[in-house]
Structure formats: structure tokens, C-alpha cells
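In: quick check, what structure comes out for this input:
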Amino acid sequence: MKKKIIGAALGTCVHVSGLYHFLKLAEAAGYETNLLGPAVSPQRLVNAILEYRPDIVAVSYRLTPEVAGSLFDELKLLVEKNNLNYMRFVFGGTPPVAELARKSGLFEQAFSGTEPLDHVKAYLYDAGELKKEKAFAQTLVERIGQKFPYPLLRHHFGRPALEETVLGAKEIAESGVLDIISLGPDQGAQEHFFHPDEIDPLQDGAGGVPLRKPSDLEAIYKASRCGNYPLMRCYSGTKDLVKWAEMSVRTINNAWGAIPLCWYSVIDGRSNRSLVEAITENQQTMRWYAERNIPVEVNESHQWSLRDAHDSLAVCMAYLSAYNAKKMGVRHYVSQLMFNTPPGTSPAMDIAKMRAKTELIESLQDEHFSVFREVRAGIAHFSSHPDVAKGQLAASAIVSLSLKPHILHVVGFSEGDHAVFPYEIIESCNIIHGVLYNCLDGMPDLTADLRVQKRKTQLIEEAQVLLDAIKKLGSSGIDPLCDPQAISKAIEIGVLDTPHFRGNPHLCGKITTRLIDGAWYAVNAETGNVLMEKDRLKQI
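Out: The predicted model follows:
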């Protein structure tokens, strides 16, 4: 038998929009609802309670707080007179009136409109029978299932001191504004956690939180077990990746593994692993997660774009990453799509590039391999001026919603200037919630633009030329797209190349790229003319 909720706007209040939407959420949660409408007197509400015998009574009031106080007193007296003290009342209204509702002692919950939607849903699904944390799924796949098409919000966090990070994790969780806290260890931890004698203490806190033992991770995770009980995940480490994977799953229930394919090696100097060693170890780590049915993200493609790679190469690497994850047995794949990278990319060309990536990646889907789209703004495009950066954050989110993401990775507006504080994470996430409130439904399809379609088709074709070139570098009997030797050779000879590789003895660095009409192309260094991939590869 369904539980019942009745709703009423109390006194002379005629504002029922918020109440109406609350009851719609209740219906989705399985309740039978009855809206009494606007301007319901306390006596009429009590009469309806006696007639309808609901499980919950939802009351709203959006007028003068002083009048609200008198109405609450009148309603409370009628409740006592009619022996309805057992009845569960919930309130929704403006913040000043919600505060009075809390003080009245009549309501078990008072919503002011400042709470995340998750808190309202948790109240309805909890209904006093479950512990609150059970209302929030603790695996990525289940949490996406709870919320989609509303995307999960994720944000990086890691202050340069452990205690500050512990306290910050609690503050963020209690705010309820995001679903995933993505821990960022400092570089010392990422590279040398399992070799503490190699850590330079003068570099503690450089780039993140100085994690030095497993109990540090446990303390941060424990602090986050409140609010909306966010999922937690952590960087993979730049070496000893399998050890990092095992520890992060054990200490913070790592929501998914984020692993590169080629990076954290001599390619970027974040470890001393050779390309072949790095690719091999990264594949082994993907397999480790796959064997435990933990989702995997291969954060590879945008690493190339961060170094001014041309768009077709970024699309190629997006597919190659997903292909390797699938071959390693990954069941659920998180496809990260970083917009605004390289800087100067126009919205239309950004969407085209991301659509090219998603079409190629999602062509791999079958009953054993599913893809979740994760979008984010590019940190390099953020202004150091906070108000400008806030506008950039909102604008990037609107454009990225064209991909219908499952996860929206929020980049704090302050990150163009300094490592983000908890209050800035909360503000940044609330900006995104505002964007989602206005733009999640009813937006025109930006992917249907003819410029987007034309560029997307071109990028898929050009990426396929690069993939075919990698296949030709493979050894007999080995799938070249998963062969560390073939992929390494493709980088060394310049099939896969960026201008930033120049001067690195392990790489090529002979390519020239340029921003043209909002898109990034490989060009002839002397003439500046665009080089299609077949023509560029002829020069290698």
C-alpha cells in the first residue's frame, strides 16, 4: 500500500509552485499525493489530516515571517487538540520562515530552498525507516542510476596540509553540493608514496595534500561520511599504480580508477618510467580494476590537448584509450571530455571534437562494455579574475551539457589563481546547480549544428588515419592498438606528436600546430597551411 502525503500552502499564502514540485518528487518516490492548494487555513488542514490520514503533511509558506509564526502556533494547538502529535510534518519556504518552522517544534524537517535536491530526495526515500547514508548510493554506477539525467558533480580537492584537507572534506560533504570528492595528493605522494625515503620534505604539499600513510586517506574518508555521503576517488599515482589502486580501494572505497595510457612517464617527467614500461604498467592497473568490476577512466586524450596537440590526434587517443580499457576487461568506462583545451577552441569546434570522441568510443559498447560521459572545463582557460572565471565556468558547463553527461567535473572558478578552498568548491558547485536548473531540459541541440557535424565527420576520418598508422607498427600476432611497443614507437617517430615534445630526447617534437577558426590543426611549419594526416604522415 502506498504511503500518502498531503500538501498545503498555509494561511493566505498562494505560492504553491515549490509545494507542487515537492509532491512530484514524492510521487517519483512512490507516494500517493494530494495537493490541497493555496490559502489553506490551519483548521482546514487539520480537517484534511483527519479525513485523509496521510503519513506526511507538507506545509509551505512564503510570506511574512511574523505572520508565519502565528500560523505555526495556531496549527500546533489544533494538532494537540486533535491528538495528532504523532503526525509527521515537513515545511518548505523562504529561509527566514524555515528558521521559524525549525524553532516551532512542529516540523521534523524544514527546507529553505538552499538545500541540494539530493537532500530533499533523501528525506522522501528515507521516510524514517532507513539510515540517511543508505539514501545515497555508494558505487558510481548506482549513483548515476539514482540521478541521471541530472549529472553527478565531481570536484578535485587537496589542501597542502592533511588536517586542513580532513576538515575541508567534512565541510564539503555536509554542504551536499557534490557527489564525488576527487582527492589530489601532492607530487611527493603520487610518485614516492611507497618509497618515503625518496620524498623531499621541502616539497610537501606541492600540488595537493601530502599523503604519507594509508591512515591519512582513511581519516579524510571518515570525515566525509556525513551530508550526502559523497563518493571519493583519488589520483592513480605516477608509479606503483597497482599498489595505489589496492590502497585507495581499501581506504576510501575508490569510486573508479583514473589511469593514463602513456603519461606519468618520461613523456611528461612525472616519473622515470619509459614509454613501454608506463604503457605496460598502466594496462596492468586497468586490468586490476577490471577484475574487481570497478569502473575505469583513462585520462589520456586531454593530456595531449593540454600540450597543444591538434584535434584529430586527441580524438585518436580518446578511442585508443577506451579500446585498451575494453581489452583489459573493463566493464564500465568513464570517458573524460575536457572542453576549452587547448585554449582558444571555439564552442562549435569543442562540441565537434567531443562528439567525434564519443561516437568512436561508444562504438565499442556492447553487453560487456558501457560508457559514461564525463565533461569538464579546461583549467588553462580560466581567468585569474574570480568574477570572469565564474562566467567562464557557467559558460563551459552550458556548452558541455550538449554531450548529455553522466558526470560533470566542476573546476573551481579560483583555480586559475590558487588551489581551491572548500567554500570555493561549494560556490562553484552551486553555480553549476544554477546552470543545471535553467539548462538541463529544453536546450536546443547544439550537436546538430552543420559546422559541428562537418568537423566531427572530418575528425573521425582523420583519427582513423592515425589509428591505421599505429596498426602498421605492430608485431605479428599482437593487437597493435594494445601493444606497448607499437604505441611507444608511434610516439617516438612522431605519428603521435605535439609541439611541447620538442627538446625531449625520448620523443619527436617536430610537429607544428595552430588554432584556425576555433579548431586546432597540424600545419606546415613554413607555410602555415593545414596538413591532413595522410600528408603529414608521408613526411615521417
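In: quickly find the element holding Ala356.
Out: Secondary structure assignment for Ala356, by DSSP states H and E: helix 347-362.
In: averaged pLDDT, that helix. What do you get?
Out: Averaging pLDDT along helix 347-362 gives 98.
In: and what of stretch 287-298?
Out: The average of the pLDDT scores along stretch 287-298 is 98.
In: what's the answer for stretch 37-54, then?
Out: In the prediction, stretch 37-54 has an average pLDDT of 93.
In: partner strands of whichever helix or strand comes after the helix holding Ala356, parallel or antiparallel?
Out: The C-terminal neighbour of helix 347-362 among helices and strands, as given by DSSP H and E, is strand 370-376. Sheet pairing of strand 370-376 (DSSP bridges) gives strand 332-338 (parallel), strand 407-410 (parallel).
In: which outside residues touch strand 370-376?
Out: Strand 370-376 has contacts (Cβ atoms under 8 Å, 6 or more residues apart in numbering) with 140, 144, 151, 154, 295, 297, 322, 331-339, 354, 358, 361-362, 364-365, 397, 400-401, 403-411. Every residue, glycine included, has its C-beta placed from N, CA and C.
In: only whichever of those residues are buried, select them in ChimeraX.
Out: Isolation of the buried members of the contacts of strand 370-376 (16 or more other Cβ atoms under 10 Å) is achieved in ChimeraX through the command below:
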select :140,144,151,154,295,297,322,331,332,333,334,335,336,337,338,339,354,358,361,364,397,400,401,403,405,406,407,408,409,410,411
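In: re the thing from before, any idea which of the strands paired with strand 370-376 gets closest to Asp55?
Out: strand 407-410 (34.5 Å; Cβ to Cβ).
In: how far off centre is that closest one?
Out: 3 Å (Cα atoms, centre = their mean, to the nearest Å).
In: quick check: which helices or strands does the next helix or strand after it pack against?
Out: Beyond strand 407-410 on the C-terminal side, the first helix or strand identified by DSSP H and E is helix 422-439. On a contact count with 3 or more Cβ pairs under 8 Å, 6 or more residues apart in numbering; DSSP states H and E, helix 422-439 meets strand 152-157, helix 162-175, helix 386-400, strand 407-410.
In: return the alpha-carbon coordinates of the shortest one using PDB.
Out: Included here for strand 407-410 are C-alpha records, laid out as PDB according to Å, rounded to 0.1, in the frame of the first residue of the first chain:
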ATOM      1  CA  ILE A 407      29.300  13.200 -14.600                       C
ATOM      2  CA  LEU A 408      30.100  16.900 -14.600                       C
ATOM      3  CA  HIS A 409      33.600  17.500 -13.300                       C
ATOM      4  CA  VAL A 410      33.400  21.000 -11.800                       C
END
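In: what's in contact with that strand?
Out: Strand 407-410 has contacts (Cβ under 8 Å, 6+ apart) with 144, 151-155, 178, 180, 182, 334, 336, 372-376, 393, 397, 400, 425, 428-429, 432, 436.
In: so for that strand, what's the average pLDDT?
Out: Taken as a whole, strand 407-410 has a mean pLDDT of 98.
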